[in-house]
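In: A structural model of the following input is requested.
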Amino acid sequence: MFEITAPVLVALLILIGIAMFFGAMAVRRIQLRRTLGTFDASICTPQGKWMMVIARYGGGHVDLLRFFSVSPLPRFQLNRRGLEITGTRKATDDESSRIPPGFIIVMLTRNGEELLLAMDYRDYTGFSAWLEAGPIAGSWQI
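Out: A predicted model of the protein is given here:
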């Protein structure tokens, strides 16, 4: 008969923990993708590295949540006010290995700071429409 030793039990518990983590990530991603205004993207971090994110836009901001995480908190948040699209481009040879295939790079400015966000073209059309449909600054002030 097979006897469970302490190292086997520890290894089994570690495997169960890893499986639960990946299961929680999958459930989180499914729940996020069910809501309107979410799409897969990648952002170029201030350190120059590309990070996969799930973007979720709402009334006045875009939440960027880590793709490989179980946290419900956004890693980055971009406010609609002061955010402008300055152009789009295809990925360079160096970037194409770090972002999903078929993504375009959207060049944004936020209060003078340049940001790069990569996304599918269909998601870009929705994102740009959302950004352009925002209220005119100062139009709600009395």
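In: okay, CA-based contacts and neighbour counts for the rest of this
Out: OK.
In: Okay, now the unreliable bits of the chain?
Out: For the chain, residues meeting the criterion pLDDT under 70 lie at 1-2, 134-142.
In: Show the backbone phi and psi for the residue nearest to R89 when sequence neighbours are not counted.
Out: Of all residues not flanking R89 in the chain, I105 sits nearest, at 5.3 Å (C-alpha to C-alpha, 6 or more residues apart in numbering). Dihedral pair for I105: phi -100, psi 120, per degrees, to the nearest 10.
In: residues near I105, how many?
Out: Residues lying near I105 (other C-alpha atoms under 10 Å) number 26.
In: Can you name the residues that contact the residue most central in space within the chain?
Out: In the chain, the residue lying closest to the centroid (C-alpha atoms, centre = their mean) is V53, at 2.0 Å. V53 is in contact with 40-43, 64-67, counting by C-alpha atoms under 8 Å, 6 or more residues apart in numbering.
In: In terms of helices and strands, where is it?
Out: Under the criterion of DSSP states H and E, V53 resides in strand 50-57.
In: that older thread, from M119, how far out is the residue nearest to R89?
Out: 7 Å (C-alpha to C-alpha, to the nearest Å).
In: what's the closest of the contacts of V53 to G82?
Out: Nearest to G82 among these: L64, at 17.0 Å, using C-alpha to C-alpha.
In: And the closest residue to I99 other than its chain neighbours, its phi and psi?
Out: Nearest non-adjacent residue to I99, counting by C-alpha to C-alpha, 6+ apart: S42, 6.6 Å away. S42 has phi and psi values of phi -140, psi 140 when expressed as degrees, to the nearest 10.
In: Can you name the residues bridging to Q77?
Out: Counting by DSSP bridges, Q77 forms beta bridges with D63.
In: now swap in the one 10 residues further on and tell me
Out: In this structure, G87 has the following beta-bridge partners (DSSP bridges): M107.
In: Surely it and I104 touch.
Out: No - counting by C-alpha atoms under 8 Å, G87 stays clear of I104, with 10.4 Å between them.
In: Would you map the strands across the chain?
Out: Applying DSSP state E to the chain gives strands spanning 38-44, 50-57, 61-66, 76-79, 83-89, 104-110, 113-119.
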